[in-house]
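K.L.:
need coordinates for the following:
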Amino acid sequence: MKCIRCKKKAVITLKRHNAAFCAECFLHYYRNQVLKNIQKNKMFKKDDRVLVVVSGGKDSMALWDVLAKEGYNVVAMYINLGIGEYSNRSQKVVENFAKKNNLPLIVKNIKEEFGLDIYKLSKTLKRSPCSVCGTIKRYLFNKVAYDNGFSVIATGHNLDDEAATLLGNILNWGESYLARQGPVLPQTHPETYKKVKPLYTLTEKENMYYVLLNKIEFLHEECPYSVGARSILYKELLNELEEKSPGTKQRFLIGFLENGKKHFKEVENIELKECKTCGHVTTTEECSFCRLTKVSNTVS
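P.N.:
Below you'll find the predicted structure:
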């Protein structure tokens, strides 16, 4: 099979596009997809300070690399979630990449800095580890952006992630979530920040191809707490559909963004106030993160 762009021997086939690429042309396609997503959705400009959230996995490492190579003003942030050797290995991957490429990196450690233990909190509160983790990460995203003067937060969510989230939101008729789902979550308060997903049209496999072709080290294993998560089930179901009908995920997500999202409205007139403990913006008297730290202090 020949590369659709240069006619050399193809090494990568993308069934959903009915296309094949050589290594060089795939990287050209990949970069163009990212740049197109940034420009089309007005995510950020070259002079914006962008906080790139990295985990050490292939998606966030690919995002960090491509944005740095394209000349964007990016600083990466890694959050050590205290998940044993998994967290230690992922932090090492991120630190090695930053050192090798002379890129700035911010590291936060929830156990050392805040005394938080995701496993203990999830058991005490009878919440899933993913739920607790999400609360912690969302707080730190905004806090680090606020403390360091960033204008936008970028994450490595891909097409598979977004399609699975959309399926879950539809199955549960989460109307407020459906109203907010998209590649850009706008800033709604001086102390909250625009959040963007430049890889939302690229699949997990495409991100894998990108890091392998660029010889980028990444953590291969999944978070041990993600076992049994519904999002994995939704991904498996969508993978079956994609196998039988290539392009299903893209049609599902892009169709919703272009034709379905407009039928859902966000809950209006939500009053934002300062958390009585930490001062950061919240919808309640005390933010979820500060409530977690209080619970943590009682179970330590």
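
K.L.:
how many residues are close by residue 265?
P.N.:
10 (other Cβ atoms under 10 Å). C-beta: built from backbone N, CA, C; applies to glycine.

K.L.:
what about the residue lying closest to it once chain neighbours are set aside, helix or strand, and which?
P.N.:
If the residues on either side of it in the chain are set aside, residue 265 comes closest to residue 179, at 5.6 Å by Cβ to Cβ, 6 or more residues apart in numbering. Using DSSP states H and E, residue 179 falls within helix 175-180.

K.L.:
list the buried residues in that helix.
P.N.:
177, 178, 179 (16 or more other Cβ atoms under 10 Å).

K.L.:
got it, and stretch 236-243?
P.N.:
238, 239, 242.

K.L.:
please enumerate the strands of the protein.
P.N.:
Ranges of strands in the chain, per DSSP state E, are 12-14, 19-21, 50-54, 74-80, 105-109, 152-154, 184-185, 194-196, 273-274, 281-282.

K.L.:
with respect to residue 250, which of the ones you listed lies nearest?
P.N.:
strand 12-14 (10.6 Å; Cβ to Cβ).

K.L.:
quick check: end-to-end length of stretch 166-183?
P.N.:
12 Å (Cα to Cα, to the nearest Å).

K.L.:
tell me which of the strands of the chain lies nearest to residue 216.
P.N.:
Short answer: strand 50-54, nearest of the strands of the chain by Cβ to Cβ, at 11.4 Å.

K.L.:
just the mean pLDDT for that closest one, thanks.
P.N.:
Averaging pLDDT along strand 50-54 yields 98.

K.L.:
picking that back up, what does the helix holding residue 179 contact?
P.N.:
Residues from elsewhere that reach helix 175-180 (Cβ atoms under 8 Å, 6 or more residues apart in numbering): 166, 169, 170, 256, 260, 261, 264, 265, 266, 267.

K.L.:
ChimeraX command to pick out the buried ones of those?
P.N.:
Filtering these down to the buried ones (16+ other Cβ under 10 Å) takes a single ChimeraX command:
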select :166,169,256,264
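
K.L.:
now, among the contacts of helix 175-180, which is nearest to residue 82?
P.N.:
residue 169 (29.2 Å).

K.L.:
rewinding a little: can I get the strands of the chain in TSV including mean neighbour count and distance to residue 296?
P.N.:
Listed next are those as TSV, based on neighbours: other Cβ atoms under 10 Å; distance: least, Cβ to Cβ, whole Å:
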stretch	mean neighbour count	distance to residue 296
strand 12-14	17	45
strand 19-21	20	49
strand 50-54	24	22
strand 74-80	21	16
strand 105-109	16	14
strand 152-154	23	25
strand 184-185	16	28
strand 194-196	22	26
strand 273-274	12	22
strand 281-282	19	18
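
K.L.:
now tabulate these in CSV and tack on distance to residue 202.
P.N.:
Compiled in CSV, these are given as follows (distance: least, Cβ to Cβ, whole Å):
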stretch, distance to residue 202
strand 12-14, 10
strand 19-21, 13
strand 50-54, 15
strand 74-80, 18
strand 105-109, 23
strand 152-154, 14
strand 184-185, 16
strand 194-196, 14
strand 273-274, 38
strand 281-282, 32
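
K.L.:
and residue 218, how far from residue 181?
P.N.:
Distance, residue 218 to residue 181, using Cβ to Cβ, to the nearest Å: 26 Å.

K.L.:
what's the closest of the buried residues of stretch 236-243 to residue 70?
P.N.:
residue 242 (28.5 Å).

K.L.:
leaving out chain neighbours, which residue sits closest to the closest one?
P.N.:
Using Cβ to Cβ, 6+ apart, the nearest residue to residue 242 is residue 248, at 4.9 Å.

K.L.:
residues touching that neighbour, list them.
P.N.:
238, 241, 242.

K.L.:
filter those residues down to the ones in helices?
P.N.:
Judged by DSSP state H, the contacts of residue 248 include 238, 241, 242 as members of helices.

K.L.:
now render the residues you listed as a markdown table, adding distance to residue 96 and pLDDT.
P.N.:
Listed next are these as a markdown table, based on distance: Cβ to Cβ, whole Å; pLDDT from 0 to 100:
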| residue | distance to residue 96 | pLDDT |
| --- | --- | --- |
| 238 | 33 | 98 |
| 241 | 37 | 98 |
| 242 | 33 | 98 |
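
K.L.:
with adjacent residues omitted, what lies nearest to residue 288?
P.N.:
residue 135 (4.8 Å).

K.L.:
what pLDDT is listed against the one you found?
P.N.:
Turning to residue 135, the model gives it a pLDDT of 94.

K.L.:
how about the one 3 residues further on?
P.N.:
The score at residue 138 is 93. That number is its pLDDT.
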